[in-house]
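> Here is a sequence together with a model predicted from it:
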Amino acid sequence: MGIGTFLQGQVLGMKWLNAAIGRGLEALGLDLSSRLGASVQFFLYDVLKITILLCVLIFCISYIQSYFPPERSRKILGRFHGIGANLIAALLGTVTPFCSCSSIPLFIGFTSAGLPLGVTFSFLISSPMVDLASLLLLMSMFGARVAVLYVLLGLAIAVAGGTAIEHLHMEDDIEPFVRAAPGALMDAPSLTQRDRLLYARGQMVSTWKKVFPYILVGVGIGAWIHNWIPEGWVEALLGSSSPLGVLLATAAGIPMYADIFGTIPVAEALLAKGAQLGTVLSFMMAVTTLSLPSLVLLRKAVKPRLLALFVGVCAAGIVTAGYLFNALSILFI
C-alpha cells in the first residue's frame, strides 16, 4: 500500500473505523448485508469520522485564523489592487468562517472599512465555498486530485465573480447603513500562545455545536440514499444520461442550508449511486455558497439588484465548474 493510499484510506478516510464499527454491529447480531444493517453502519461511521475530522480541522484552522483578525486582514487586502486583491481576498476566505451566514458580518465589516466592492465579494464567495477543512474532507472522500481541483475552481469562481462585480460599479447598491459604519473593524489585542490555543478550543466547541445537527441530517440523508434509493433513479436524474443534471443539482442546493460537513455525506452517497462527479460537486457548492438563509441575511446589506447579480454570478460559476468536472471525470474516477 502506497503512502498516498494509506493517508487517504486509513488516516483521512478512517477505513479502520468502519471495520471496527462493522465488527461491533455484527457482534450485536445485526446483519450488515441488509439495508437496515448497512444504513446503521453508514450512519455511525460517517458521523464519527466527520466529527473527528471536524474537531481536529477546526482546532487547527482556528489557531491559524487567530493570526488574521479582521483589521489585519483588511490591512493585507489594502496593499493589493486589481485582480491581485481579488485573489488575496479569496485566499483569505479559506481561513475564515465555515458557513455562508457567518461570513456575511465580515463582508459587511470589510465593506464598511472602504475595501473595493469586488474584493469583498471575492471574500464572500470563497469563505463558505472553499476552506482548508473542505480540502482535507474532500481528500478523505474523493482523493487528492478531486479535492485540489475543487478548491482551485472555487477560488477561480470567487476571483472571477468579484472581478465581474467590481467592473459593474454597483457601490450604490450597498445599503446606506453599511457604508455609514466607520470603525467596524477593530484591531485585535496581541495574543499569547495560550490565548491562541484557548481561542482554537473555543472555536472548535462552538463550531461543533452549530454544525453537529447538520452532520446528523446530512449523514442520515446520505444513508437513506446509499441504501434505500434505487440506483436507476439517481442515474436517470443526475447521471451521464441527464444533460441537465448539473442544473438540477445546483437549483436543488440553493434553498438548503448546510456547510461542507453536512453536504459531503450526501455527495458521497449520490456519487456511489451513479451521479456524475461534477453534478455532485455543483450541489455541494450551491448548498454552501447560495443557501437561502444566507441570501436573506445578505439582502439586509445589499439591494435586490446586487443580490440578484451575486446569485447569478455564483450560479453561473458553479454550473460551469460542474460541467467541467463532468468532462474531466474520467481522470478522477
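Yes, it's here. All values reported here derive from a predicted model rather than from experimental measurement. Numbering: from 1, shown residues only.

> Can you list the helices and strands that the helix or strand hosting S39 packs against?
For S39, the host element (DSSP states H and E) is helix 35-65. Using 3 or more C-beta pairs under 8 Å, 6 or more residues apart in numbering; DSSP states H and E as the contact test, the elements touching helix 35-65 are helix 15-27, helix 132-142, helix 193-228, helix 260-272. All C-beta atoms are positioned from the backbone trio N, CA, C, and that covers glycine.

> Okay, angle between the host helix or strand of P105 and helix 193-228 too, please.
Using DSSP H and E, P105 sits within helix 100-112. Between helix 100-112 and helix 193-228, the angle comes out at 140 degrees (axes from the mean of the first three to the mean of the last three C-alpha atoms, to 10 degrees).

> what's the closest non-adjacent residue to G317?
In this structure, G317 finds its nearest non-sequential neighbour in I157, 3.5 Å apart by C-beta to C-beta, 6 or more residues apart in numbering.

> doesn't that neighbour fall inside a helix?
Yes - residue state for I157 (DSSP: H, G, I helix; E, B strand; the rest coil) corresponds to a helix.

> Quick check: it touching G322?
No - the pair I157 / G322 is not scored as a contact, 11.1 Å apart, by C-beta atoms under 8 Å.

> overlap in contacts of these two?
Any residue near both I157 and G322 by C-beta atoms under 8 Å, 6 or more residues apart in numbering counts here, and that gives M285.

> Ok, which of the helices and strands packed on helix 35-65 comes nearest S126?
Of all these, it is helix 132-142 that lies closest to S126, at 10.7 Å by C-beta to C-beta.

> now for the closest one, which elements pack on it?
helix 35-65, helix 144-167, helix 260-272.

> mind listing what's buried in the second one?
In other words, helix 144-167. For helix 144-167, the neighbour count (16 or more other C-beta atoms under 10 Å) marks 146-147, 149-151, 153-166 as buried.

> next one: the first one
Buried residues in helix 35-65, defined by neighbour count with 16+ other C-beta under 10 Å: 37-51, 53-54, 57-59, 61-63, 65.

> Measure how buried the residue nearest to A249 when sequence neighbours are not counted is and give me the count.
Nearest residue to A249, sequence neighbours excluded (C-beta to C-beta, 6+ apart): F283, at 3.9 Å. Look at F283: counted by other C-beta atoms under 10 Å, it has 28 neighbours.

> Just to check, F283 is in contact with A251?
No - when contacts are counted by C-beta under 8 Å, F283 is not listed as touching A251 (9.5 Å).

> Could you list the low-pLDDT ranges of the stretch 101-250 of the chain?
For the stretch 101-250 of the chain, the stretches flagged by pLDDT under 70 are 101-102, 133, 179-189, 231, 233, 235, 241.

> Give me the residues contacting stretch 51-58.
Here stretch 51-58 has contacts from 12, 14, 98, 132-133, 136-137, 140, 200, 203-204, 207-208, 211-212, 215, 261, using C-beta under 8 Å, 6+ apart.

> hmm, 10 Å instead?
12-14, 17, 65, 98, 131-137, 140, 200-201, 203-208, 211-212, 215-216, 219, 259-261, 264 (C-beta atoms under 10 Å, 6 or more residues apart in numbering).

> Kindly report the same for stretch 239-250.
So stretch 239-250 is contacted by 231-238, 251, 267, 270, 273-276, 278-287, 290, 314-316, 318-326, 329 (C-beta under 10 Å, 6+ apart).

> hmm, 7 Å instead?
Residues outside stretch 239-250 that contact it (C-beta atoms under 7 Å, 6 or more residues apart in numbering): 235-238, 274-276, 278-280, 282-283, 286, 315, 318-319, 322-323, 326.

> Select from these every entry located in helices.
235-238, 278-280, 282-283, 286, 315, 318-319, 322-323, 326 (DSSP state H).

> Now the two most distant members of the residues you listed.
Greatest spacing in those, by C-beta to C-beta: E235 and A315 (24.3 Å).

> higher neighbour count, the two?
Between E235 and A315, counted using other C-beta under 10 Å, the more crowded position is A315 (20 against 17).

> still on that earlier bit, which among the contacts of stretch 239-250 end up buried?
Buried among the contacts of stretch 239-250 (16+ other C-beta under 10 Å): 235, 237-238, 274-276, 278-280, 282-283, 286, 315, 318-319, 322-323, 326.

> Point out the most buried one among the helices and strands packed on helix 35-65.
helix 260-272 (a mean of 25; mean count of other C-beta atoms under 10 Å).

> just checking, what packs against that one?
helix 35-65, helix 132-142, helix 193-228, helix 277-289 (3 or more C-beta pairs under 7 Å, 6 or more residues apart in numbering; DSSP states H and E).
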